[in-house]
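1. with the input below, show me the fold.
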Amino acid sequence: MADFISVFLFYYKRKKRCSNISKELLINEEINAKEIRVISETGEQLGIMSSKQALELARRKNLDLAMISPNAKPAVCKIMDYGKFKYEQSRMEKEAKKKQKTINVKEIRLRPAIGENDLKTKANQAIKFLKKGDKVKVELRFRGRELGHKDIGREVMMNFIDMLSEFGEPGKPPKFEGNNMVTVIDPKK
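-> Model (predicted):
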């Protein structure tokens, strides 16, 4: 029974490791291809050789052998400092994350029978969001008999959009989604 468990764990770990090929490169002894195309650390091609020969060549230079293209025929491996490669890759990912700007969508709800001062208050809040660079989703809700007066709701929505015209503009004209009239206002650049 213990032999079965150890064999199972061996194949499970191997399968798990092979499923992460896109994230992790196979390195050194993990490469089990018979013939591979080898690229030196400077980028020149050393030719096709067995994985044992390539591994020996990498060891003489105190570097690692990493499979960079497992689907090619024959598979392509590069001699490199794998630790340095992983470090540089993580640094580049962090830099890309820093440069990435997240855009939040803030939501403001209105009603067709909203008062003028309440509308100005909502507009001031939307202006704050737009100044921060966030998008604003404006939702005008209709209830009961208000659905019979969609023209009043459209008038309120257009008035609200005009109040925000200096700071943002709608990506699409307002449209109905069920009992709501919805538009998204993008900040001006």
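2. show me what stretch 84-101 is in contact with.
-> Ala66, Gly133 (Cβ atoms under 8 Å, 6 or more residues apart in numbering). C-beta: built from backbone N, CA, C; applies to glycine.
3. name the residues of it that come out as buried.
-> Phe85 (16 or more other Cβ atoms under 10 Å).
4. can I get it in PDB, CA atoms only?
-> C-alpha atoms of stretch 84-101 as PDB (Å, rounded to 0.1, in the frame of the first residue of the first chain):
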ATOM      1  CA  LYS A  84      18.400  36.000 -12.100                       C
ATOM      2  CA  PHE A  85      15.800  35.400 -14.800                       C
ATOM      3  CA  LYS A  86      13.000  34.800 -12.300                       C
ATOM      4  CA  TYR A  87      14.100  37.900 -10.300                       C
ATOM      5  CA  GLU A  88      14.000  40.100 -13.400                       C
ATOM      6  CA  GLN A  89      10.700  38.700 -14.500                       C
ATOM      7  CA  SER A  90       9.100  39.500 -11.100                       C
ATOM      8  CA  ARG A  91      10.600  43.000 -11.200                       C
ATOM      9  CA  MET A  92       9.100  43.600 -14.700                       C
ATOM     10  CA  GLU A  93       5.700  42.400 -13.500                       C
ATOM     11  CA  LYS A  94       5.800  44.800 -10.500                       C
ATOM     12  CA  GLU A  95       6.700  47.700 -12.800                       C
ATOM     13  CA  ALA A  96       3.800  46.800 -15.100                       C
ATOM     14  CA  LYS A  97       1.500  46.800 -12.100                       C
ATOM     15  CA  LYS A  98       2.600  50.200 -11.000                       C
ATOM     16  CA  LYS A  99       2.000  51.700 -14.400                       C
ATOM     17  CA  GLN A 100      -1.500  50.200 -14.600                       C
ATOM     18  CA  LYS A 101      -4.300  52.500 -13.700                       C
END
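5. from the chain's centroid, how far away is that stretch?
-> The chain centre lies 14 Å from the centre of stretch 84-101; the measure is Cα atoms, centre = their mean, to the nearest Å.
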